[in-house]
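>>> Structure of the sequence below:
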Amino acid sequence: MKKLLIDEKFLEQTLIELLHIHSPSGYTDQVVHYVCQMLHQLHIPYNVTRRGAIRATLPGQRDTCDRAILAHLDTLGAMVRKLKTNGRLGLAPVGTWPSRFAEGARVTVFTDKGSWRGTVLPLKASGHTYGNEVNEQHTDWDCLEVRLDIRVSDEQELFDAAIQVGDFVVFDTLPEIAPNGFINARHLDDKAGVAALLAAVQSLVSSNINLPVDCHLIFTIFEEVGSGASSAVYGGVTEMVVIDSAPVAPPQNATEYGVTIGMMDQTGPFDYHLIRKLTDLCRQNKIEIHKDVFKFYRSDSASAIEAGSDTRTALVCFGVDGSHGFERTHISSLKAVAELISLYIQSEPTFTRDKDEVSSLSGFPHQPERDVIKIKT
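Residues are numbered from 1 along each chain as shown. Below you'll find the predicted structure:
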């Protein structure tokens, strides 16, 4: 097992290409095609589920104690909720995110017969007309509308333009990578995680490293609405690591410059032993690591466990400032995640007894109990 060099240019280029592919939950076909093409170029076999989740495999020296790495391809977005009498569109969010981050955004509305461009605006958008009422109006999805860049003035003209309730509305990502390594864009969650995973895999493939066990790469498509990994995890997977974003904010301990290990989210603690294995890999290989607990957060780990997967799970994160809004991370965080993932894929199984769904107590691990810390005086 060795720490591999991550191709930063490959990582950045992959991320930019992913960010330019619109993929709100329910509208992910094109990004599925893109990732499958990447896997084909890396000579990694894969299959695709009915709805579009991707399951690829890096073969190991044995096919027991399989492990999986998960990242999600879907993002936040919106859907047309109403054709309004003033020729504008009411919105409903796809995924959970605050309406204040939608205001002013340039968007594309996809219809059955083509697409239209537009802008998301509050109901009172002109200070010259409404004065201070612009600042006093409520911030809510019901207080927003899409102004389309077509000549429409009522509901019938919207209908004539082939716009219907239920059309997807996608938001421009506006990606920007600064010379000092900062990356700004919408939807870094989880396009940056996907790019980091592909960069890790690219380094493993190019290094021609033999792996101890099969590792499945699973790309889900409904994480933002809560069901991403509910039917995507293989039955033989004994441990899985989810790659996702960690919110960086004053109450949190996450970082934009290294790996953040999630200890617990709103669905409960992650696996004690798998977390410590990942933590040890970071420390042994001088990868910056922080630990954090997330109060208003869940990931694909939750949907897999809730669907009945009896597998150890852990959460490996890149740090994101302004999560589910105008997001920012740093290239050093993505590289650190890719380095850790490439090391983990090379590592031996956490527990060989896990190959059996049910077995005796023999080999079952212990956790520390009643250890007394001696303090020198």
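>>> how much space is there between Pro269 and Glu239?
Distance of Pro269 to Glu239, computed by CB to CB, to the nearest Å: 15 Å. The way it works is simple: take the backbone N, C-alpha and C, and place the C-beta from them, glycine included.
>>> likewise Leu158?
51 Å.
>>> Quick one: neighbours of Gly325, just the number.
15 (other CB atoms under 10 Å).
>>> Break down the chain into its helices, ranges please.
When assigned using DSSP state H, the helices of the chain occupy the ranges 8-19, 29-41, 127-130, 133-136, 155-160, 188-207, 272-284, 300-306, 331-346.
>>> pLDDT averaged over the third one, what's the number?
For helix 127-130, the per-residue pLDDT values average out at 92.
>>> same deal with stretch 335-348?
Per-residue pLDDT values across stretch 335-348 average out to 98.
>>> Buried residues, that stretch. List them.
335-347 (16 or more other CB atoms under 10 Å).
>>> Save these as CSV, and put in distance to Ser323 too.
Shown next, in CSV, are these (distance: CB to CB, whole Å):
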residue, distance to Ser323
Lys335, 20
Ala336, 18
Val337, 16
Ala338, 20
Glu339, 23
Leu340, 20
Ile341, 21
Ser342, 25
Leu343, 26
Tyr344, 24
Ile345, 27
Gln346, 30
Ser347, 29
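>>> Nearest to His290 among those residues?
Among the buried residues of stretch 335-348, Ala336 lies closest to His290 (CB to CB), at 10.3 Å.
>>> where does that closest one sit relative to Gly319, distance-wise?
Distance of Ala336 to Gly319, computed by CB to CB: 10 Å.
>>> shared neighbours, those two?
Both Ala336 and Gly319 are contacted by Tyr257, Gly258, under the criterion CB atoms under 8 Å, 6 or more residues apart in numbering.
>>> residue contacts, Arg88?
Contacts of Arg88 by CB under 8 Å, 6+ apart are Glu145, Val146, Arg147, Leu148.
>>> Could you dump those into TSV and include distance to Phe294, pLDDT and neighbour count?
Output for the contacts of Arg88, formatted as TSV (distance: CB to CB, whole Å; pLDDT from 0 to 100; neighbours: other CB atoms under 10 Å):
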residue	distance to Phe294	pLDDT	neighbour count
Glu145	33	98	21
Val146	32	98	23
Arg147	36	98	16
Leu148	38	98	20
